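J.: below are the sequence and a predicted model; questions follow.
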Amino acid sequence: MSDFDDTPTLRRFRADDAPWLVERHATLYARDEGFDDSFGPLVAGILSDFVAHHDPERERGWIAEHKGHRLGSIFCVAGGADAAKLRLFLLVPEARGKGLGKQLLGACMGFARKAGYSEMVLWTHESHRAACALYKASGWQLIDSKPVHSFGVDLVEQSWKIRL
């Protein structure tokens, strides 16, 4: 990690991380993608549900941080009996391009394997080119792509899948 004098750490998500995560998603997606103010509440709902109902044996969230500063997140949640769903994968701009996304993705996929899932799925947008390149390089397959109008903008929604 070239801009860090020591390696960022991954730790488990805590409920007190939720406000930061909602704010970062809402702010960065509005700035970078033009998303409207419906996106923050969607993230808040996902996190609220996770905090209230997640199964710690089969579902987990991680926060990447460096010297007490949060840099990103990723979550593994149940998507069915045998499928895990990757959610809320985010890196703040200053942490991108340094291998931290690969580290987060590896932790999430490793956990899903150990939890007994046979596959993982995710939903994203074509405009997230760096993340999509990382998924492809990690063995994920694009299984669906379609134009949609979501969060106040026209997007190309994508679904990806990997066998674990």
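T.: Yep, that arrived.
J.: just the pLDDT for the residue nearest to the spatial centre of the chain.
T.: Centrality entry for the chain: nearest residue to the mean C-alpha point is residue 89, 1.4 Å, by Cα atoms, centre = their mean. Here the pLDDT value assigned to residue 89 is 97.
J.: what about it, helix or strand, and which?
T.: Residue 89 belongs to strand 83-91 when elements are defined using DSSP states H and E.
J.: quick one: list the elements packing against that strand.
T.: helix 18-33, helix 39-53, strand 69-78, helix 100-114, strand 119-125 (3 or more Cβ pairs under 8 Å, 6 or more residues apart in numbering; DSSP states H and E). For every residue, glycine as well, the C-beta is placed using N, CA and C.
J.: distance of the residue nearest to residue 44 when sequence neighbours are not counted relative to residue 32?
T.: Distances taken as Cβ to Cβ, 6 or more residues apart in numbering place residue 22 nearest to residue 44, at 4.7 Å, with adjacent residues excluded. Using Cβ to Cβ, to the nearest Å, we find residue 22 at a distance of 16 Å from residue 32.
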